[in-house]
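Visitor: Please find the sequence and the predicted model below.
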There are 2 protein chains.
Amino acid sequence: MKRAVCLLSGGMDSAVTIAIVKKEGYEIYALTFEYEQIHNKEVGCAIRLARDFSVKEHKIFYLDLGRIVKSALTGDDEIPMDRDVEEIKKQKRIPKTYVPARNTIFLSLSLAYAETVDADAIFIGAHAVDYSGYPDCRPEYFKKFQGVANLATKRAVEGKRIEIRTPLINCDKAEIVKKGFELGVDFGHTWSCYKGDKLPCGRCDSCVLRLNGFREAGYNDPLEYEK
Amino acid sequence: MKRAVCLLSGGMDSAVTIAIVKKEGYEIYALTFEYEQIHNKEVGCAIRLARDFSVKEHKIFYLDLGRIVKSALTGDDEIPMDRDVEEIKKQKRIPKTYVPARNTIFLSLSLAYAETVDADAIFIGAHAVDYSGYPDCRPEYFKKFQGVANLATKRAVEGKRIEIRTPLINCDKAEIVKKGFELGVDFGHTWSCYKGDKLPCGRCDSCVLRLNGFREAGYNDPLEYEK
């Protein structure tokens, strides 16, 4: 049975990604990072999703990223709030929620894990349409990382590729929602809100993009939001 | 003052590298990884070296790599012993001491740190001459990682490069020893032995390469070895 490592944050994009990996028939090795993110509620969702999709193994890997980076997501600045969808999409500056080199860190650890479990693919739910302008979500970035993967490992030396797969890269949030419902994703088991409160705020960039995606797709978000 | 992140394992290559960074006039942000390596004695050496070269900041970053990789260096297999220099250099297979994707992981975390402290270079003491055949020590590998660094960060988007520097890449161990003595490196503050015992064993691949380097360079290694 072919094997894949799947990055599983517990957000809606990773939930739809793991559903795709399952449908493609892979044995799944899920990898979740606890990096002192304020919204570490997503880690609990990752555990539920790993169970939903009967993964072979699920590793939660701890990274004390706050020691070497600064980001609103790790508590060093205010989370941007109350911007509308167009404002978020058209912003010129990389937002405060950017975490330096996050996808490079996550992919490099995935590469180590993939080599260890003899997986021939790494799946990541990044997309470059309804996103927050992060530099490490662009298609050309993933191509460059593939170049590293093709040289960095023992597998590579032996001529066995580890493919970096980004099945959602060209989808907008509405398409991601639709795909998720088609594939039986329980969006009640996902968490997107950048704030880690009891209920999602509905007002941070991540909530706004999510809610807009559900609205455009014509589905209800099963999560209850703050009033 | 220009700033650089310097990977500082506490081994002799990183010691000579940090001396080069100092000589080039950088303000130094040293980064050391404690990754459950058996020879974590090197971390103590890194602390001493950071002091020797008056770094601006020294971060020791913990990674529980054993959760996702298997390697002789993290205790999953025997450390190869009693091979001679020619045998080590000519080996056809990647040795058991290979840690999957280690340099990719270390460089990705360095990239995050470099972005955070606004450094324009990352120095790593890798070399591809007297080495153990690790795939992520080859010059072409570092070129590929440079391609990732050129796209992955906010600095990159703003047109400011973070350069991946490998000043020892074409040196053999004897040249590294000579350069170290020229630059005032105290090799008594370095640790190379893959075993973490009280005294270096003198018999593992790393000790053999080190001792051969000192011999060829015509210097005495200040460390006391096991009898």
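Guide: On my side now, so go ahead.

Visitor: need the strands for chain A, in chain order.
Guide: Under the criterion DSSP state E, chain A carries strands at the ranges A:3-7, A:27-34, A:57-62, A:121-123, A:163-165.

Visitor: Tell me which of those strands approaches B:Lys227 most closely.
Guide: Shortest distance between B:Lys227 and those, using C-beta to C-beta, is found for strand A:57-62: 40.8 Å. Yep, even glycine has a C-beta here, placed from its N, CA and C like the rest.

Visitor: Buried residues, the closest one. List them.
Guide: By neighbour count, and taking 16 or more other C-beta atoms under 10 Å in any protein chain shown as the criterion, the buried residues in strand A:57-62 are A:His58, A:Lys59, A:Phe61.

Visitor: Does the first one touch A:Arg48 like I think?
Guide: Pointing back at A:His58 there. No. Using C-beta atoms under 8 Å, A:His58 and A:Arg48 do not qualify as a contacting pair, with a distance of 10.6 Å.

Visitor: For A:Lys160, give me its contacts.
Guide: Under the criterion of C-beta atoms under 8 Å, 6 or more residues apart in numbering or on different chains, the neighbours of A:Lys160 are A:Asp120.

Visitor: Quick check: phi and psi on it?
Guide: Main-chain dihedrals, A:Lys160, degrees, to the nearest 10: phi -110, psi 120.

Visitor: Find residues that contact each of A:His58 and A:Arg48.
Guide: Here A:His58 and A:Arg48 share no contacting residue, scored by C-beta under 8 Å, 6+ apart.

Visitor: Any part of the lowest-mean-pLDDT helix or strand in chain A near chain B?
Guide: Lowest by mean pLDDT, DSSP states H and E among the helices and strands of chain A is helix A:85-90, with a mean of 88. No. Using C-beta under 8 Å from any C-beta of the partner chain as the criterion, no contacts between helix A:85-90 and chain B are found, and the smallest distance is 15.7 Å.

Visitor: before we move on, what about stretch A:65-81?
Guide: Yes. Contact of stretch A:65-81 with chain B is found when judged by C-beta under 8 Å from any C-beta, involving A:Leu65, A:Arg67, A:Ile68, A:Val69, A:Lys70.

Visitor: How about stretch A:101-110?
Guide: Yes. If you take C-beta under 8 Å from any C-beta as the test, stretch A:101-110 does meet chain B, through A:Ala101, A:Arg102, A:Asn103, A:Thr104, A:Ile105, A:Leu107, A:Ser108, A:Leu109.

Visitor: And the buried ones among these, selectable in ChimeraX?
Guide: Command for ChimeraX that selects the buried part of the residues of stretch A:101-110 next to chain B, burial taken from 16+ other C-beta under 10 Å:
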select /A:101,102,103,104,105,107,108,109
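
Visitor: follow-up on the earlier one: in TSV, list the buried residues of strand A:57-62 along with pLDDT and distance to A:Pro139.
Guide: TSV is the format used below for the buried residues of strand A:57-62 (pLDDT from 0 to 100; distance: C-beta to C-beta, whole Å):
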residue	pLDDT	distance to A:Pro139
A:His58	98	28
A:Lys59	98	27
A:Phe61	98	26
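
Visitor: what's the closest of the residues of stretch A:101-110 next to chain B to A:Lys173?
Guide: Closest to A:Lys173, out of all of the residues of stretch A:101-110 next to chain B and judged by C-beta to C-beta, is A:Asn103, at 18.4 Å.

Visitor: what's the distance between that closest one and B:Glu115?
Guide: Relative to B:Glu115, A:Asn103 is positioned 13 Å away (C-beta to C-beta, to the nearest Å).

Visitor: Please name the bridge partners of A:Lys59.
Guide: Listed beta-bridge partners, A:Lys59: A:Leu31 (assigned using DSSP bridges).

Visitor: Could you pull out the helices in chain A for me?
Guide: A:12-23, A:41-52, A:85-90, A:102-117, A:139-152, A:154-157, A:173-182, A:205-217 (DSSP state H).

Visitor: which one of those has the lowest average pLDDT?
Guide: Out of the helices of chain A, helix A:85-90 stands lowest, with a mean of 88 (criterion: mean pLDDT).

Visitor: what about A:Ser54, how many neighbours?
Guide: By other C-beta atoms under 10 Å in any protein chain shown, the residues close to A:Ser54 number 9.

Visitor: Correction: the previous question concerned A:Val21.
Guide: For A:Val21, the count of nearby residues is 25 (other C-beta under 10 Å).

Visitor: my guess is it meets A:Ile122, correct?
Guide: No. Counting by C-beta under 8 Å, A:Val21 does not reach A:Ile122; the two are 10.1 Å apart.

Visitor: what sits in contact with each of the two?
Guide: Shared contacts of A:Val21 and A:Ile122 (C-beta under 8 Å, 6+ apart): A:Ala4, A:Cys6.

Visitor: so how many other residues sit close to A:Leu183?
Guide: A:Leu183: 15 surrounding residues under other C-beta under 10 Å.

Visitor: list the contacts for it?
Guide: A:Leu183 makes contact with A:Val16, A:Ala19, A:Ile20, A:Lys22, A:Lys23, according to C-beta under 8 Å, 6+ apart.

Visitor: Which residue, other than its chain neighbours, is closest to the last one?
Guide: Meaning A:Lys23. Spatially, and ignoring its direct neighbours in sequence, A:Lys23 is nearest to A:Leu183 (6.1 Å; C-beta to C-beta, 6 or more residues apart in numbering or on different chains).

Visitor: Enumerate every residue touching A:Gly44.
Guide: Taking C-beta under 8 Å, 6+ apart as the definition of contact, the neighbours of A:Gly44 are A:Gly10, A:Trp191.

Visitor: any idea how far it lies from chain B?
Guide: 19 Å (C-beta to the nearest C-beta, to the nearest Å).

Visitor: Do I have it right that A:Lys22 meets A:Val16?
Guide: No. Here A:Lys22 lies out of contact with A:Val16, judged by C-beta under 8 Å, at a distance of 10.7 Å.

Visitor: So the two - more neighbours on which side?
Guide: More neighbours surround A:Val16 than the other of A:Lys22 and A:Val16, with 27 against 19 (other C-beta under 10 Å).

Visitor: Export stretch A:6-21 to PDB, keeping only CA atoms.
Guide: What follows is stretch A:6-21 as a C-alpha-only set of coordinates in PDB (Å, rounded to 0.1, in the frame of the first residue of the first chain):
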ATOM      1  CA  CYS A   6      -0.200  14.400   5.500                       C
ATOM      2  CA  LEU A   7       0.300  17.700   7.300                       C
ATOM      3  CA  LEU A   8      -2.800  18.000   9.500                       C
ATOM      4  CA  SER A   9      -3.200  21.400  11.300                       C
ATOM      5  CA  GLY A  10      -6.800  20.800  12.200                       C
ATOM      6  CA  GLY A  11      -8.000  23.600  10.000                       C
ATOM      7  CA  MET A  12     -10.500  23.200   7.200                       C
ATOM      8  CA  ASP A  13      -7.900  23.000   4.400                       C
ATOM      9  CA  SER A  14      -5.900  20.200   6.000                       C
ATOM     10  CA  ALA A  15      -9.200  18.400   6.700                       C
ATOM     11  CA  VAL A  16     -10.100  18.400   3.000                       C
ATOM     12  CA  THR A  17      -6.500  17.500   2.100                       C
ATOM     13  CA  ILE A  18      -6.500  14.400   4.300                       C
ATOM     14  CA  ALA A  19      -9.900  13.400   2.800                       C
ATOM     15  CA  ILE A  20      -8.200  13.600  -0.600                       C
ATOM     16  CA  VAL A  21      -5.200  11.500   0.500                       C
END
